[in-house]
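> what follows is a protein structure lacking sequence information:
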C-alpha cells in the first residue's frame, strides 16, 4: 500500500493551495482518510479526517478555511486550503485506515511521505 501526496508549495498569506493524496496497492477497503501536519519543533497533529460515510472532522483553527473531500473511486483524498496563514506552515501528511486485500486482511493506518506547505507573511 502506498500513499502519494502532492500539491504543497510556497504561498503568500491569504493564498490558497490544494493538496492531493492517492492511495494505491492491494486495498480491500479504505475506512477513513485524513491530513495531519507537523510544524517545526512541534508534534504531528490532526488537521482533518473524512470517513467512508463522508462525515468530516476539523481541527478548530482550520474550520471554515480548509475543506477535505474524497473521490472514493480514485481512492484519493483532497485538502482545499484557503485564507492560508503563516501558522499553517508545516509538513502535511496524508493518512488512511486501510484493510488490505492480502490474507489475513489486516487493517492498519498508513502514511504518505509528507508535502511541505510554506505560507509567507
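Okay, I see it. As the structure is a prediction and not an experimental result, all values here were calculated from the model. Numbering: from 1, shown residues only.

> who's the residue most central in space within the chain bridged to?
By C-alpha atoms, centre = their mean, the chain has its centre lying nearest to residue 35, at 2.7 Å. Here residue 35 shows beta-bridge partners residue 48, residue 94, assigned using DSSP bridges.

> residues in contact with it?
Residue 35 sits next to 19, 21, 47-49, 68, 77, 79, 92-95 when contact means C-beta atoms under 8 Å, 6 or more residues apart in numbering. All C-beta spots, glycine's among them, are computed from the backbone N, C-alpha and C.

> which among those residues gets closest to residue 62?
residue 47 (5.9 Å; C-beta to C-beta).

> residues contacting the closest one?
34-37, 58-59, 62, 66, 79, 92.

> farthest pair within those residues?
For those, and using C-beta to C-beta, no pair is farther apart than 58 and 92, which are 14.0 Å apart.

> looking at these two now, which is surrounded by more residues?
residue 92 (24 against 17; other C-beta atoms under 10 Å).

> mind listing what that one touches?
5, 8, 19, 35-37, 47, 79, 114-117.

> just give the closest residue to it, not the sequence neighbours.
Excluding its sequence neighbours, the residue lying closest to residue 92 (C-beta to C-beta, 6 or more residues apart in numbering) is residue 37, at 4.8 Å.

> list the buried ones in the helix or strand that contains the one you found?
Secondary structure from DSSP states H and E places residue 37 in strand 27-38. Judged by neighbour count using 16 or more other C-beta atoms under 10 Å, the buried positions of strand 27-38 are 27, 30, 32-37.

> now stretch 75-95
75-79, 81, 84, 88-95.

> pick the one among those residues closest to residue 42.
The closest of the buried residues of stretch 75-95, once distances to residue 42 are taken by C-beta to C-beta, is residue 90, at 7.9 Å.

> the closest one touches residue 43, doesn't it?
No. Assessed by C-beta atoms under 8 Å, residue 90 is found out of contact with residue 43, at 11.0 Å.

> now do the strands in this structure.
2-6, 9-12, 17-24, 27-38, 45-51, 56-58, 66-71, 76-81, 90-100, 107-111, 115-120 (DSSP state E).
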